[in-house]
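>>> Okay, here's the prediction I keep looking at, along with the sequence it came from:
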Amino acid sequence: MIWEPERLDDQALLSAGDPGAMLPVVASAAAQVRTAHRNAGEADIARLAQDGRPRAIVVTGMGSAALAGDILAVICGYGAPLPVITVRSGRLPGWVGATDLVMAVSCSGRTAETLAVAAEAVRRGASLLAVGAQDSPLHAIATQASALFVPVEANGPSRANLWGMAVPLVAAAGALGLVQTDPDLFEGVAKGLEDMANRCRPSSESFVNPGKALAMELAESVPVIWGATPLTAVAAHRLALQLYENAKYPAQWGALPEAGHNQLGVVEGPLAERDIFAESAGRTIRLVVLREPEERPISLLRVVEDRDVPVSELAAEGAHPLERLATLIELGDYASAYLALGYGIDPTPVTAITELKSRTSQ
């Protein structure tokens, strides 16, 4: 597969190379936020507060569903009066019991690990909030347990429906008094996503399109993606996941300051060496730093730049933390799709993962 950046500004090639319509699905993020907020309200998410605040919140999910739990945790922040943890497996922690709230998230409602944890939560008497597809096994578990269920109106693969899964969790946190939420917050997030989608639209040329520009910087490199804050670390994780699945592309992600104590070593390794006489840049590492406006790790960047390692800096935009996180994630989603299309790869199917799921379900 050869990187051909001219593909990104050829509308016919973009359309032909995206038969699964990943770019239009990415552009639907704002609609996802509005729909998910409405669905949470119609499901009477405020009912969660009837029995008081739980001892802990456990979010269970895999892939983007698990990332929805990370979004919830970072939006609640360090000042939350209870722990918010994400379980990425089929086992519920032994300490979870009747005073805890388990949020089971699966876009399809059929993820085996999530179903196992949801069923175990019900057996232990924990409160359950289920978020997933209507008329799915997860919906059935919630119905049988008389638990809250919020439907996800999916469009495209599960990973493309992050906000349909994450918004109900944030709305639930608002009902429990863990964060301040109101319709204006979610509408502000939606408008920020619409603005980013407009700037990254396929008809916008590479020199003014931030999604295409980031894809061109990542191409022919090994991205090392760091979040400078807990919030931007979630966006860094999301970007790596989208590169894996949309572009079928390797990446490494980490969070500062921890990454500065171990991952920083790669700037002195074999993949950091560049041949200035080579016709192309070659496959060297590229550091991608995601940060909030007030957070710029100057000392670390100087260490990296002193070693002539290329750096891309992406600053979050927006007033509320959820707005800042959403715009960073939207930019990364576009970049991963454009990177795939620049290599002539269809960003929608992930054959290897589909095959693995088929084999493990037999």
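Received, thanks.

>>> the helices in the chain, which residues?
11-16, 22-27, 29-42, 64-76, 112-123, 137-144, 162-175, 183-199, 210-218, 230-245, 298-306, 321-342, 351-360 (DSSP state H).

>>> Which residues belonging to the first one are considered buried?
Meaning helix 11-16. For helix 11-16, a neighbour-count test (16 or more other Cβ atoms under 10 Å) marks Leu13, Leu14 as buried. (C-beta placed from N, C-alpha, C; glycine too.)

>>> then that helix to PDB, C-alphas only?
The C-alpha coordinates for helix 11-16 follow below in PDB (Å, rounded to 0.1, in the frame of the first residue of the first chain):
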ATOM      1  CA  GLN A  11     -13.700  13.900  -4.400                       C
ATOM      2  CA  ALA A  12     -14.300  11.000  -6.800                       C
ATOM      3  CA  LEU A  13     -11.500   8.900  -5.200                       C
ATOM      4  CA  LEU A  14     -12.700   9.800  -1.700                       C
ATOM      5  CA  SER A  15     -16.200   8.700  -2.400                       C
ATOM      6  CA  ALA A  16     -15.200   5.500  -4.200                       C
END
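
>>> So what touches that helix?
Residues outside helix 11-16 that contact it (Cβ atoms under 8 Å, 6 or more residues apart in numbering): Arg7, Leu8, Leu23, Pro202, Ser203, Leu341.

>>> List buried residues within the residues you listed.
The neighbour-count test (16+ other Cβ under 10 Å) marks Arg7, Leu8, Leu23, Pro202, Leu341 as buried among those.

>>> and the third one, what is it in contact with?
When you say that, I think you mean Leu23. By Cβ under 8 Å, 6+ apart, Leu23 lies in contact with Leu14, Pro202, Tyr334, Ala337.

>>> Find the centremost residue of this protein, please.
Nearest to the mean C-alpha position of the chain, counting by Cα atoms, centre = their mean, stands Arg238 at 3.7 Å.

>>> circling back: out of the helices of the chain, which comes closest to Leu48?
Leu48 lies closest to helix 162-175 among the helices of the chain, at 5.0 Å (Cβ to Cβ).

>>> Just the CA trace of that closest one, in CSV.
Presented in CSV, the C-alpha positions along helix 162-175 are these (Å, rounded to 0.1, in the frame of the first residue of the first chain):
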residue,chain,number,x,y,z
LEU,A,162,-19.1,6.8,20.6
TRP,A,163,-21.3,9.7,21.5
GLY,A,164,-24.4,7.6,21.4
MET,A,165,-22.8,5.5,24.1
ALA,A,166,-21.1,8.3,26.1
VAL,A,167,-23.8,10.9,26.4
PRO,A,168,-26.2,8.8,28.4
LEU,A,169,-23.4,8.1,30.9
VAL,A,170,-22.7,11.8,31.3
ALA,A,171,-26.4,12.5,31.6
ALA,A,172,-26.6,9.9,34.3
ALA,A,173,-23.8,11.5,36.2
GLY,A,174,-25.7,14.8,36.0
ALA,A,175,-28.8,13.1,37.5
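
>>> and it, which residues are buried?
Neighbour-count burial for helix 162-175, counted by 16+ other Cβ under 10 Å, picks out 162-175.

>>> re earlier: of the helices of the chain, which is nearest Leu82?
Nearest to Leu82 among the helices of the chain is helix 64-76; the distance by Cβ to Cβ comes to 8.5 Å.

>>> could you give the mean pLDDT of stretch 141-148?
Mean pLDDT, computed over stretch 141-148, is 97.

>>> Could you chop the protein up by domain?
As assigned by automatic domain parsing, the chain contains the domains 5-16+199-351, 26-181.

>>> Redo these as JSON lines? Include distance to Lys191.
Converted to JSON lines, the domains of the chain look like this (distance: least, Cβ to Cβ, whole Å):
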{"stretch": "domain 5-16+199-351", "distance to Lys191": "9"}
{"stretch": "domain 26-181", "distance to Lys191": "7"}
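
>>> From start to finish, how long is stretch 51-60 in a straight line?
21 Å (Cα to Cα, to the nearest Å).

>>> Check which residues of it are buried.
Pro54, Ala56, Ile57, Val58, Val59, Thr60.

>>> beta partners of the fifth one?
This points to Val59. Listed by DSSP bridges, the beta-bridge partners for Val59 are Thr86, Met103.

>>> So Ser158 is in contact with Gly109, correct?
No - proximity of Ser158 to Gly109 does not meet the contact threshold set by Cβ atoms under 8 Å, at 10.2 Å.

>>> Settle it for me: which of these two has more neighbours?
Gly109 (27 against 22; other Cβ atoms under 10 Å).

>>> contacting residues for that one?
Ala130, Gly132, Ala133, Gln134, Ser136, Pro137, Leu138, His139, Val152.

>>> Next, the last one: phi, psi?
When quoted as degrees, to the nearest 10, the phi and psi of Val152 stand at phi -110, psi 120.

>>> My read is that it contacts Asn161, right?
Yes - counting by Cβ under 8 Å, Val152 does reach Asn161; the two are 6.1 Å apart.

>>> Are there residues contacting both of those two? Which ones?
The contact lists of Val152 and Asn161 share Cys107, where a contact means Cβ under 8 Å, 6+ apart.

>>> Where does pLDDT dip in the stretch 201-350 of the chain?
By pLDDT under 70, the low-scoring segments of the stretch 201-350 of the chain are 274-283.

>>> one more time with 50
For the stretch 201-350 of the chain, not a single residue meets the criterion pLDDT under 50.

>>> Would you quantify the distance from Leu290 to Asn209?
Noted for Leu290: a distance of 18 Å to Asn209, by Cβ to Cβ, to the nearest Å.

>>> scratch that, Glu313 is what I was asking about
From Glu313 across to Asn209, the span is 17 Å (Cβ to Cβ).
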